[in-house]
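*Asks:* How does the following fold in three dimensions:
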Amino acid sequence: MFYHSGYLIVVLVSMVLGGITQAYIKSTYNKWSKVRSGLGTAGADVARRMLNEGGAGNVGITRVAGTLTDHFDPRDMRLHLSDDNYRGGSVASVAVACHEAGHAVQTAQGYAPGEFRAALVPVVSFSQQAWPLVFFAGAFMGLLGLMQIAIILFAATVLFQLVTLPVEIDASRRAIAYLSNTMDGEELAGARQVLVAAALTYVAAALVSIINLLYLMSRVRRR
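*Replies:* Below you'll find the predicted structure:
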């Protein structure tokens, strides 16, 4: 039976890791969103300057609904900043906006890990939807080959998350490097805390996926 105590442990560990990292990013973001940046301007304005200086001046900036929904979309070449970070001038708003600008600069400069990650998107989009169906079909029909194919598909999503880590870390590094020229010590430390907290969510997600992959592999080996 697929759902046994081992699986419940995996689910519990995943929930705990996810909950801890989400709570940490929210608390860190909330703390520094209350601290006004000495730059005296909104996150979108700081991101615009970073884009222009980084060779990504053609990238647009627009608002998107939600909290911490910020992202750069290479398909429309725009930074999509949540309303608080678009208009807000806090340390947290500026840090997040510049992090997303860092992704746009990566694209403009042909950052290799970023290009590799982008190339994996269509593969991962398919594998994320297909692997559970293939796995449970194989388990139901007793077809080991199908279950092994499902694990390969799931491994593609794990690879994507592992590749995402250096891309996210580099975007934060670019943001901190840019802000170090304009922020003082305490504000810069706050911006770094926000971005480190955000990076931990990606680390936790990758770790959870690895745990799930190892669990699935162990289940198949026992058949």
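*Asks:* pLDDT on the helix or strand harbouring Gly145, on average?
*Replies:* Assigning secondary structure by DSSP states H and E places Gly145 in helix 144-179. Throughout helix 144-179, pLDDT has a mean value of 94.
*Asks:* Next: stretch 14-33.
*Replies:* Average pLDDT, stretch 14-33: 90.
*Asks:* and it, which residues are buried?
*Replies:* Neighbour counts over stretch 14-33 (16 or more other CB atoms under 10 Å) mark 14, 17, 21, 24-25, 28-29, 31-33 as buried. In this view, the C-beta of every residue, glycine as well, is placed from N, C-alpha and C.
*Asks:* try stretch 184-204
*Replies:* Going by neighbour count (16+ other CB under 10 Å), the buried part of stretch 184-204 is 187-188, 190-195, 197-204.
*Asks:* Who are the contact partners of Ala108?
*Replies:* Shown in contact with Ala108 (CB atoms under 8 Å, 6 or more residues apart in numbering): 54-56, 59.
*Asks:* Scan those and report the most crowded one.
*Replies:* Val59 (25 neighbours; other CB atoms under 10 Å).
*Asks:* now the residue lying closest to that residue once chain neighbours are set aside: how far from Pro74?
*Replies:* Distances taken as CB to CB, 6 or more residues apart in numbering place Ala104 nearest to Val59, at 4.4 Å, with adjacent residues excluded. Distance of Ala104 to Pro74, given as CB to CB, to the nearest Å: 8 Å.
*Asks:* And Leu8, by the same measure?
*Replies:* To Pro74, Leu8 is 39 Å away according to CB to CB.
*Asks:* ok, these two, which is more surrounded?
*Replies:* A direct count of neighbours by other CB under 10 Å for Leu8 and Pro74 places Pro74 higher, at 16 against 10.
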